[in-house]
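Trainee: A predicted structure for the sequence below; I have some questions about it.
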Amino acid sequence: MFTKVAMADENDNERMDGDNQKLEKMFTLKKWNAVAMWSWDVECDTCAICRVQVMDACLRCQAESKKDSYGKQDCVVVWGECNHSFHYCCMSLWVKQNNRCPLCQQEWSIQRMGK
Amino acid sequence: MSLKPRQVDFNATWGAIRDTIRGVITLDHVPRTTWNDRFSDVYSLCVAHPEPLADKLYAETKKYLIDHVAQLLRKVQEDGDQNLVKNYFHYWSQYSVGSEYLHSLYLYLNQQHIKVQKMSDAEIIYGIVDPSCTSQGDQMEIGELALQVWQSNMIYPLGQRLVTLLLEAIDLDRAGQPPTIPLDAVRGTILSFVEVQVYKKKSQLQLYVELFEGRFLNASGEHFKRDAALLLQERDVSLYMERVKAKIEEELYRARKFLHASSLQKVAHRCEQHMVAEHLQFLYSECQNMVKYEKKKDLSNMYDLLKSVPNALIVLVDTVFDHIKNQGLSAIHNLQGDSVHINFVENLLTVYEKYKELIKEVFKSDQNFMGALDKACNSVINHRPNEGRSPCRSPELLAKYCDTLLKKSSKGISESEVDEKLTKSIIIFKYIDDKDVFQKFYSRSLAKRLIHQQTQSMDAEEAMINRLKQACGYEFTSKLHRMFTDMSVSSDLNNKFQEFTKQEDIDLGINFGIYVLQAGAWPLGQAVVTPFALPQQLEKSVQMFETFYHNRFNGRKLTWLHHLCQAELKLGYLRKTYVVTVQTFQMAILLLFEKSDSLSCKEIRETLQLNSEQFKRHAISLVESKLLLSDTEELDENETNLRLNLDYSNKRTKFRITAAIQKETPHEVEQTINSVEEDRKMYLQAAIVRIMKSRKVLKHNLLIQEVYAQSKVSFVPSIQLIKKCIESLIDKQYIERTPYSSEEYSYVA
């Protein structure tokens, strides 16, 4: 295990208040830099149509590797009333042939779209 | 004088002309008036009435010249071989100038009588008719006639004897002995073979080549052979090359002195043939040593000599390749210690630059050698130790090198130095076969720099990504760009969130900041989320932010990556007040000590629900920093009790405790390499779909070729893997085998 005590970047200007405030708490949480990750709120993280993770663009979108797709707004996720989810691109191709959810065979209707 | 045609007495006029010609052709004194009279005599004969006498004049002149040259031939031979060349040159100098004057004297005849009969230049040059056969019976201009007469009546009978004497003179010159024939006579005589054909439209050098040059080159060739044999006796390659180079220079100088310019290349070529090409094995015998000890002078000589012999450089090029490869391999062999990555990159760059410089200096940046350098670097950088059984570490080490440069560090290297080093690292990068592996490692370290705010300068980061983009294209860096985008999106979110809390009048009790990362774009791994009971002080922040986030975005969920979060904690229980930066887990452990000065590890773990690996890691870091005291030597997660160190003191009032967050563990390295394999499959599948979509139908071999070509920018795929990907796309019904042939696929729309 590797541990080190490194010097902080700036000097502190509060070094003297320990003496003045006897009632100060032992630990004060001053600042918290949190890190969180967002992902689509899906039951299954793979798109059943193209078998690519829904967080990644679908295979067709990756193949086209659009130069301007910095974010992935163009390959979002869509949820059906059945709560199954797919790439929007994959599903819109699918419904042209068969307007049912590929997983549960219910009539497909969109519940919500990712944003 | 009238210009009108009149009757002319040919014999009288010709008699006068003949007397003058004698003077002209021997460069005797001819008074201006006589010249003028003869000039008009030529005119009057040409336009004589009733019958023009031009043809007769021409015939008489020709006869006169033949007689004159016959007379000169006798004179030239008078003194025997000893003075033959000297006399020839003497009379030639006279005759050639005289014939030019004569040409002017016959201006009218040349222009009015003869030119009209002749074909235009264009007709001769473009070869409608063969000029040699048609002009034979034709009349020539007087100047040409005179030279023609000289050629037939002087050079033909005397030529071979002259050449023998000339060759002897040249041999004498080679031997460094005093000339027996004046040098200008030698040169003049040789060049007379060219000058005598000056009127010819085509192949003016024919006589020179046939009569003289051929024999000269053969004789020189024999000489070179003898010389080479003599030099070879010394058995010293280095000396031999010096001598041969000097010899070639000397022969070129001699050729310039005596010969027509067209012969220079031929002489040099003969010399190279007999002294270099015929002794290649001898030269190669020292090749190995010269390269090994990098004898620049010798190598440069070797290059100069070999480059003009077809295919002779190959051996030298191969030897240089082997040498650079060995040097490269030994430069990175057995590197050890903490700075392996720095040594690796910088040693390689030293080798690269050294040999690039050497090739520039010694081999004049010859393409063959630059190619050898590339090939050598490529095989060194992609070398797999243990006969190919161990993986190549170059991508990992190079990425680490970049990380060291881009990370905030106490080492004082200037920004421009960092920039220069990063630019150079691209040299190594370009040789790496598995660029995708590099990208993995690079993106991991970039992620760490960004999340832990360890980036020295965003400009430098961006510049580096642009360099990679330039080398490998957009796709290669798109994930890196997405990480950058997340950083700026997050700073925007933080501002919006602060506005939100102000508006809603919410006090979080702490200074809260957040990075929201897009899953998939960051190389953080999936299984890193460990159970953790959030300290109560943070709950409000987490709740508020989740509410805020879900209102703004649809269908997204947030996962808190506590192992990446950091907190600043003020310690109020010591003699001085300290502010310490810790990771969330460390913070949670410390906060428990608010209620009690001593806690057992078991209690802590149960309260926080940390897994044992995480707990141990962070507890040990707190013990090592002396903020906590342990009652056992080795920290045991069940037995040990931890106490708050109430006597803690530190010179600094603000410091950071880092528990190995920036260090790559071997586990992580392995994970990184494994994830590459998955990415490659995805990449290849995308490439296959792309190709098939545009081609619709394609033969198996062509598809493999195209996929191979496309993926070469980022890695070298195995054919096996491509085949696997084709199979899996057939399963997924992206493509299918055509009914006619199993070796052909078609795209399924």
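Mentor: Okay, I see it.
Trainee: which residues touch the residue most central in space within chain B?
Mentor: By CA atoms, centre = their mean, chain B has its centre lying nearest to residue B:370, at 5.7 Å. Shown in contact with residue B:370 (CB atoms under 8 Å, 6 or more residues apart in numbering or on different chains): residue B:359. No exception for glycine: its C-beta is placed from N, CA and C like everyone else's.
Trainee: Assign a three-state SS to it, would you?
Mentor: What DSSP: H, G, I helix; E, B strand; the rest coil gives for residue B:370 is helix.
Trainee: Now residue B:41. Nearest residue, chain neighbours left out?
Mentor: What sits nearest to residue B:41 in space, not counting adjacent residues and going by CB to CB, 6 or more residues apart in numbering or on different chains, is residue B:13, at 5.1 Å.
Trainee: so who does that neighbour touch?
Mentor: Listed by CB under 8 Å, 6+ apart, the contact set of residue B:13 reads B:41, B:44, B:45.
Trainee: Most neighbours out of those, which is it?
Mentor: Counting neighbours by other CB atoms under 10 Å in any protein chain shown, residue B:45 leads these with 24 neighbours.
Trainee: tell me the pLDDT at that residue?
Mentor: Listed pLDDT for residue B:45 reads 82.
Trainee: what separates it from residue B:98, distance-wise?
Mentor: Residue B:45 sits 21 Å away from residue B:98, going by CB to CB, to the nearest Å.
Trainee: ditto for residue A:56
Mentor: Using CB to CB, residue A:56 is found at 95 Å from residue B:98.
Trainee: Also residue B:345?
Mentor: For residue B:345 relative to residue B:98 (CB to CB), the value is 79 Å.
Trainee: Compare neighbour counts for the two and give me the winner.
Mentor: Just comparing residue B:345 and residue B:98: by other CB under 10 Å the higher neighbour count belongs to residue B:345, 25 against 21.
Trainee: Which residue is the nearest non-sequential neighbour of that one?
Mentor: Residue nearest to residue B:345 in three dimensions, not counting chain neighbours: residue B:401, with 4.3 Å by CB to CB, 6+ apart.
Trainee: Next: residue B:16.
Mentor: residue B:41 (6.3 Å).
Trainee: A helix includes that neighbour, no?
Mentor: Yes - assessed by three-state DSSP, residue B:41 belongs to a helix.
Trainee: Name all residues that make contact with it.
Mentor: Taking CB under 8 Å, 6+ apart, we find residue B:41 in contact with B:13, B:16, B:17.
Trainee: of those residues, closest to chain A?
Mentor: For those, the residue nearest chain A by CB to the nearest CB is residue B:17; the value is 89.6 Å.
Trainee: Wait, that closest one touches residue B:38, no?
Mentor: Yes - between residue B:17 and residue B:38 a contact is recorded at 5.5 Å, counting by CB atoms under 8 Å.
Trainee: hmm, back to that, need the contact list for the residue nearest to residue B:345.
Mentor: B:341, B:342, B:344, B:345, B:425.
Trainee: do you know how far the residue nearest to residue B:16 is from chain A?
Mentor: Remark: distance between residue B:41 and chain A (CB to the nearest CB, to the nearest Å) = 90 Å.
Trainee: same check, this time on residue B:501
Mentor: Distance, residue B:501 to chain A, using CB to the nearest CB: 14 Å.
Trainee: where's that residue, which helix or strand?
Mentor: Using DSSP states H and E, residue B:501 sits in helix B:474-504.
Trainee: Go through the longest helix along chain A and flag the buried ones.
Mentor: The longest helix of chain A (DSSP state H) is helix A:88-97. Neighbour counts using 16 or more other CB atoms under 10 Å in any protein chain shown place A:88, A:89, A:90, A:91, A:94 of helix A:88-97 among the buried residues.
Trainee: List the contacts of the third one.
Mentor: In other words, residue A:90. With CB under 8 Å, 6+ apart, residue A:90 has these contacts: A:47, A:49, A:50, A:58, A:60.
Trainee: one more time with 7 Å
Mentor: Listed by CB atoms under 7 Å, 6 or more residues apart in numbering or on different chains, the contact partners of residue A:90 are A:47, A:49, A:50, A:58.
Trainee: a markdown table for those residues, including neighbour count and distance to residue B:380?
Mentor: Formatted as a markdown table, the contacts of residue A:90 follow (neighbours: other CB atoms under 10 Å in any protein chain shown; distance: CB to CB, whole Å):
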| residue | neighbour count | distance to residue B:380 |
| --- | --- | --- |
| A:47 | 26 | 43 |
| A:49 | 18 | 46 |
| A:50 | 25 | 41 |
| A:58 | 23 | 40 |
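Trainee: What count of nearby residues applies to residue B:679?
Mentor: Using other CB under 10 Å, residue B:679 has 16 neighbouring residues.
Trainee: Can you give me the distance of the closest residue to it other than its chain neighbours to residue B:442?
Mentor: In space, and not counting its chain neighbours, residue B:679 is closest to residue B:436: 6.4 Å by CB to CB, 6+ apart. Distance of residue B:436 to residue B:442, given as CB to CB: 10 Å.
Trainee: The two: which has the busier surroundings?
Mentor: Neighbour tally, residue B:436 and residue B:442, criterion other CB under 10 Å: the higher count belongs to residue B:442, 27 against 21.
Trainee: which element is the more buried one on?
Mentor: Assigned by DSSP H and E, residue B:442 falls in helix B:435-451.
Trainee: same question, residue B:219
Mentor: Per DSSP H and E, residue B:219 falls inside helix B:214-232.
Trainee: Put the alpha carbons of the lengthiest strand in chain A into PDB.
Mentor: Longest strand in chain A by number of residues (criterion: DSSP state E): strand A:27-40. Extracted C-alpha coordinates of strand A:27-40, given in PDB (Å, rounded to 0.1, in the frame of the first residue of the first chain):
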ATOM      1  CA  PHE A  27     -14.400  17.200  12.200                       C
ATOM      2  CA  THR A  28     -15.900  19.700   9.900                       C
ATOM      3  CA  LEU A  29     -16.700  18.600   6.400                       C
ATOM      4  CA  LYS A  30     -15.900  21.600   4.300                       C
ATOM      5  CA  LYS A  31     -16.000  20.400   0.800                       C
ATOM      6  CA  TRP A  32     -17.000  17.400  -1.200                       C
ATOM      7  CA  ASN A  33     -16.000  16.700  -4.700                       C
ATOM      8  CA  ALA A  34     -18.300  14.000  -5.800                       C
ATOM      9  CA  VAL A  35     -18.100  11.800  -8.900                       C
ATOM     10  CA  ALA A  36     -21.100  10.100 -10.400                       C
ATOM     11  CA  MET A  37     -21.800   8.200 -13.600                       C
ATOM     12  CA  TRP A  38     -25.000   8.400 -15.500                       C
ATOM     13  CA  SER A  39     -26.400   5.700 -17.600                       C
ATOM     14  CA  TRP A  40     -29.800   4.900 -19.100                       C
END
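Trainee: mind listing what that strand pairs with, with the direction of each?
Mentor: Partners of strand A:27-40 in the sheet, by DSSP bridges, are strand B:511-518 (parallel), strand B:556-560 (antiparallel), strand B:566-571 (antiparallel).
Trainee: so of these, which one's packed in deepest?
Mentor: Most buried of these, by mean neighbour count (mean count of other CB atoms under 10 Å in any protein chain shown): strand B:566-571, with a mean of 22.
Trainee: continuing past that one, what's the next helix or strand?
Mentor: Helices and strands here follow DSSP H and E; after strand B:566-571, the next one along the chain is strand B:578-583.
Trainee: which one of the contacts of residue B:41 is nearest residue B:431?
Mentor: Nearest to residue B:431 out of these is residue B:17 (CB to CB; 83.9 Å).
Trainee: Show me the helices in the stretch 501-650 of chain B, by range?
Mentor: B:536-552, B:584-592, B:601-608, B:612-624 (DSSP state H, counting those that start in this stretch).
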